[in-house]
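Enquirer: Need a 3D model of the sequence below.
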Amino acid sequence: MAICDQLEDPKMVKGIVKRGVTELVTPGLSFNDQVLERSRNNYLCSLHFGKSSIGISFLDVSTGEFMVAEGPLDYAEKLLQGLQPSEVIYSKGSRKAFAEHFSTYSFSTYTPEDWVFQWEYGYECLTKHFGTSSLKGFGVEDLPEGIVAAGAILHYLQETEHHDMKHIAQLSRIAEEHYVWLDPFTIRNLELVYPQQPDGIPLISVLDQTCTPMGARQLRRWLVMPLKDLPAIQERLSVVEALGQQSDLLQQLAQRLRQIGDVERLISKVAVGRINPREMLQLKRALKHTQPIRELLADTSIDPLRKLADQLNPCSYLLERIERELADEVPLVINQGGMMRDGIHEKLDELRSISFSGKDYLLQIQQRETARTGISSLKVAYNKVFGYYLEVTNAHKNKVPQDWIRKQTLVNAERYITEELKTYEEKILNAEGEINSIEQQLFLDLVAAAAEYTAQIQQNARVLATIDCLAGFALVAKKRGYVKPEVNEGFAIDIEQGRHPVIEQQLPADQPYIPNDTLLDPDEQQIMIITGPNMAGKSALLRQTALIVLMAQVGSFVPARRAAIGLVDRVFTRVGASDNLSRGESTFMVEMIETASILNNLSNRSLVLMDEIGRGTSTYDGISIAWSIVEYLHGNDKHRPKTLFATHYHELNQLAEDLPRVRNYNVSVKEVGDKVIFMRKLQPGGSQHSFGIHVAQMAGMPNRVVIRASEIMHHLEGDKSRLQHQQKVKEVPKNTYQLSLFELDPKFEQVRQLIEKTDINVISPVEALLKLNEIKGLLENGKKG
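Expert: Below is the predicted model:
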């Protein structure tokens, strides 16, 4: 959308006033509060597809936040899923790559020319904007693809007439090593910030007790980027604990924070000269409440709170100037006048006196002419067409003096002017025009003075957002009985009486949530295989565990009696069912892709959640895949990821007999006659029943179908083939994941050595074929031997 403005002052030119395009508003570039969402950042994203990695940059022009990162495709996809930009730009030459990897996202897109995405040009754009000779001070010099992406954003700003964006004063690096890895599937499956269903409730809806828009936006970023830095996590938790123990302080902070408003976006508008008088009043209110917040925090005995207090700048001089110059009640737009106080500009005071006394004189004219003519209903009025005039009803037309000049005839009245009236009109209007001109200049001077404090107020906004989030965590913890988790450098996860933070809030007041314990330890209980019927609560338990871990590493208290969380660096989930028809991928294919991504990115600190793996194919295929995945997770030589594995395949219970770190659990049910009651309680031991027919009956399946299904099930359960099937399960060969591939045959060792000695960077295609033939010969000789 193009915005056109007058480019000339109508008072200074004759004829048509020149107009032109002054700004192009796009989905990712807007300062308009009607377009922006209060609690969400409005990011513009730039993607650059490099040879071996993707550069990605995000800018929220409404706040000045500018970030850059670089990494593999899945990292870029994770950031896109987590930060959800409103618009994405990429080069025209990258259209095919973008469509191949990101076609499922519904972003607004724009494709600048390829030359915009060049390292030299991007580097020049960035250094020119920041006024530096290099980017070393921003710590991004080693992100060449990221620099290209960030430079393209600055080019796009110029292309859309967004000049002099002085509030974009920093470029921060999204350091992958600082945050928990959440792949796009996990962010979606755990419903951290967006529900999967229209009527769903994401985690953020439960945790968001923030009082400011900046706090709400920061909470959203925290949830998709949990910390791996133990000291930083513990510092957040200690602040939440301290605030929770001081109810008066928490209440006073909340009262003050509610008065702050969106100071982050306000100062951005100041910096680009787009703030209106009422928004300047809100900025004054924000500054007025910053100092009391600073004092509240400084008076505590908690070091982290005092540290936050030290980072707040009350901007006292600016506050005093706004209070001294800006009126208490101001118009919405600058050209309506009445913005500035009396006593700050001598000429303004003089003109106001003329304007107000002139209006008094008009009243005197009305009273004098009424007395002279005897027209009791006479009145002096004004409109933009005729200016000031005398209005006489038709009943008194015969009393009009000869020196009055008729100007307009109405149905019931006539309007007149006099020489005296026009003289005073000119004097008053000239004064009012000059008053508006002076007031506008005074307001612009005040805005320019406020712009000098952009960096300080942006810093205040960041600190206030942090305080707001942590105070919100403390409030949620008090309301809902959350406890402080013990986050440590160990590897175990030990949760006592854990609860699902979202589900427990949706239950009726008289229905308590059934809590459960979860213990995952890479040395003793690395994998929990959980069986039980549908609707028993298996999936909820999986998500509950992940949410508690992530809440702890965000710095929040957690819904449990006790929680000891060994730092997690990656959380993977394979839950739910969906297909990707646009890419021709079935539900089962999507499941396998997500599972493959998990198995290829494991670490010792990973938390893996797998729900009903293999259900999209035949029974034997499904069991085989699920079985081999558990063996792989258990027998991986490099890593021992902590795993919750929910399944309907009761055959997998056999694994606990063969794999020492696998334990069987089931979600208990109680059979009462022909009915099933779901107890929602996790207990040791595997389950042998799925109760699928009972669930079908509860869902309203026709009774004939339920009866027939029961008959078929009884027949199958009594079939010898079932007993043979169970025996086959017990006879499955033991896994060999612990063995090296090359320990199976000496010939493989020769192949390995041959491959290791080959330099793939210098070998020619012909030499490669010869080498492949040599390897083939070794293997064939091995078979003959």
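Enquirer: When you work out contacts or count neighbours from here on, use the C-alpha atoms and nothing else.
Expert: Noted.
Enquirer: In the stretch 1-150 of the chain, where is pLDDT below threshold?
Expert: 1-23 (pLDDT under 70).
Enquirer: Show me what counts as buried in the lengthiest helix in the chain.
Expert: For the chain, the helix with the greatest residue count under DSSP state H is helix 419-451. Residues of helix 419-451 classed as buried: 421, 424-425, 428, 431-432, 434-436, 438-440, 442-444, 446-447, 449-451 (neighbour count, 16 or more other C-alpha atoms under 10 Å).
Enquirer: One more: stretch 206-226?
Expert: Neighbour-count burial for stretch 206-226 flags 207-226 (criterion: 16+ other C-alpha under 10 Å).
Enquirer: likewise stretch 184-196?
Expert: Neighbour-count burial for stretch 184-196 flags 184-195 (criterion: 16+ other C-alpha under 10 Å).
Enquirer: residue ranges for the strands of the stretch 401-550 of the chain, please.
Expert: Counting by DSSP state E, counting those that start in this stretch, the stretch 401-550 of the chain has strands at residues 405-409, 413-417, 486-488, 493-498, 516-520, 527-531.
Enquirer: R499: what's it in contact with?
Expert: Taking C-alpha atoms under 8 Å, 6 or more residues apart in numbering, we find R499 in contact with 513-516, 544, 559-560.
Enquirer: could you say what helices and strands the longest helix of the chain packs with?
Expert: helix 263-271, helix 316-325, helix 346-373, strand 387-393 (3 or more C-alpha pairs under 8 Å, 6 or more residues apart in numbering; DSSP states H and E).
Enquirer: Just want the angle from that helix to helix 316-325.
Expert: Here the directions of helix 419-451 and helix 316-325 differ by 170 degrees (axes from the mean of the first three to the mean of the last three C-alpha atoms, to 10 degrees).
Enquirer: ok, D468 to D229 distance?
Expert: D468 is 21 Å from D229, where distance means C-alpha to C-alpha, to the nearest Å.
Enquirer: which one of these two has more residues nearby?
Expert: Using other C-alpha atoms under 10 Å, the more surrounded residue of D468 and D229 is D468, with 27 against 15.
Enquirer: which residues sit in contact with that one?
Expert: Taking C-alpha under 8 Å, 6+ apart, one finds 210-212, 215, 254, 257 in contact with D468.
Enquirer: and if we set it to 6 Å?
Expert: Counting by C-alpha atoms under 6 Å, 6 or more residues apart in numbering, D468 makes contact with 210, 215.
Enquirer: just Y388 next, same as before
Expert: 381-382.
Enquirer: Pull the residues that contact stretch 222-229.
Expert: The contact list for stretch 222-229, computed with C-alpha under 6 Å, 6+ apart, reads 82, 178-180, 553-554.
Enquirer: of all those residues, which two lie farthest apart?
Expert: Farthest-apart pair in the contacts of stretch 222-229 is G82 and Q553; separation 16.5 Å (C-alpha to C-alpha).
Enquirer: Which one's more surrounded, these two?
Expert: Counted by other C-alpha under 10 Å, G82 and Q553 do not tie: Q553 has more neighbours, with 32 against 22.
Enquirer: rewinding a little: I'd like the strands of the stretch 401-550 of the chain as CSV, with mean neighbour count appended.
Expert: Shown next, in CSV, are the strands of the stretch 401-550 of the chain (neighbours: other C-alpha atoms under 10 Å):
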stretch, mean neighbour count
strand 405-409, 14
strand 413-417, 19
strand 486-488, 18
strand 493-498, 20
strand 516-520, 20
strand 527-531, 28
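Enquirer: quick one, which of the ones you listed is nearest to S247?
Expert: strand 486-488 (22.7 Å).
Enquirer: so R680, which of the three states?
Expert: When classified by DSSP: H, G, I helix; E, B strand; the rest coil, R680 comes out as strand.
Enquirer: brain fart, C45
Expert: C45 is classified as strand under three-state DSSP.
Enquirer: give me every residue that touches the residue lying closest to P195 once chain neighbours are set aside.
Expert: Nearest residue to P195, sequence neighbours excluded (C-alpha to C-alpha, 6 or more residues apart in numbering): P202, at 5.0 Å. With contact taken as C-alpha under 6 Å, 6+ apart, P202 is in contact with 191-195.
Enquirer: now do the same end-to-end measure for stretch 64-79.
Expert: 18 Å.
Enquirer: before we move on, back to that, dump the contacts of P202 into JSON lines; add distance to E323, secondary structure and pLDDT as well.
Expert: Below are the contacts of P202 laid out as JSON lines (distance: C-alpha to C-alpha, whole Å; DSSP: H, G, I helix; E, B strand; the rest coil; pLDDT from 0 to 100):
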{"residue": "E191", "distance to E323": "45", "secondary structure": "coil", "pLDDT": "92"}
{"residue": "L192", "distance to E323": "42", "secondary structure": "coil", "pLDDT": "94"}
{"residue": "V193", "distance to E323": "40", "secondary structure": "coil", "pLDDT": "92"}
{"residue": "Y194", "distance to E323": "42", "secondary structure": "coil", "pLDDT": "89"}
{"residue": "P195", "distance to E323": "45", "secondary structure": "coil", "pLDDT": "89"}
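Enquirer: Tell me the one of the residues you listed nearest A413?
Expert: Among the contacts of P202, and counting by C-alpha to C-alpha, the member closest to A413 is Y194, at 64.5 Å.
Enquirer: Not counting sequence-adjacent ones, nearest residue to that closest one?
Expert: P202 (5.5 Å).
Enquirer: same thing with T109?
Expert: In space, T109 comes closest to V88 once its chain neighbours are excluded; the distance is 4.8 Å by C-alpha to C-alpha, 6+ apart.
Enquirer: Show me what the helix or strand containing that neighbour is in contact with.
Expert: Using DSSP states H and E, V88 sits in strand 87-89. Contacts to strand 87-89, defined as C-alpha under 6 Å, 6+ apart, come from residues 27-28, 44-46, 107-111.
Enquirer: residues near E177, how many?
Expert: Neighbourhood size, E177 [other C-alpha under 10 Å]: 11.
Enquirer: if I've got this straight, it is in a helix?
Expert: Yes. Secondary structure of E177 (three-state DSSP): part of a helix.
Enquirer: Tell me how far it lies from I147.
Expert: Plainly put, E177 is 19 Å away from I147 if you go by C-alpha to C-alpha.
Enquirer: quick revisit: tell me what angle the longest helix of the chain forms with strand 405-409.
Expert: Using the same axes, to 10 degrees: helix 419-451 against strand 405-409 is 70 degrees.
Enquirer: Helix 419-451 vs strand 387-393, what angle?
Expert: Using the same axes, to 10 degrees: helix 419-451 against strand 387-393 is 130 degrees.
Enquirer: any idea where the strands of the stretch 101-250 of the chain begin and end?
Expert: Using DSSP E, counting those that start in this stretch, the strands of the stretch 101-250 of the chain run over residues 108-110, 172-173, 181-182.
Enquirer: Among these, which comes closest to K359?
Expert: strand 108-110 (55.0 Å).
Enquirer: per-residue confidence at the closest residue in space to L190 that isn't next to it in sequence?
Expert: Sequence neighbours aside, R543 is the residue nearest to L190 in space, at 6.4 Å (criterion: C-alpha to C-alpha, 6+ apart). With respect to pLDDT, R543 has a value of 93.
Enquirer: what's the answer for the one 4 residues further on, then?
Expert: L547 is assigned 97 on the pLDDT scale.
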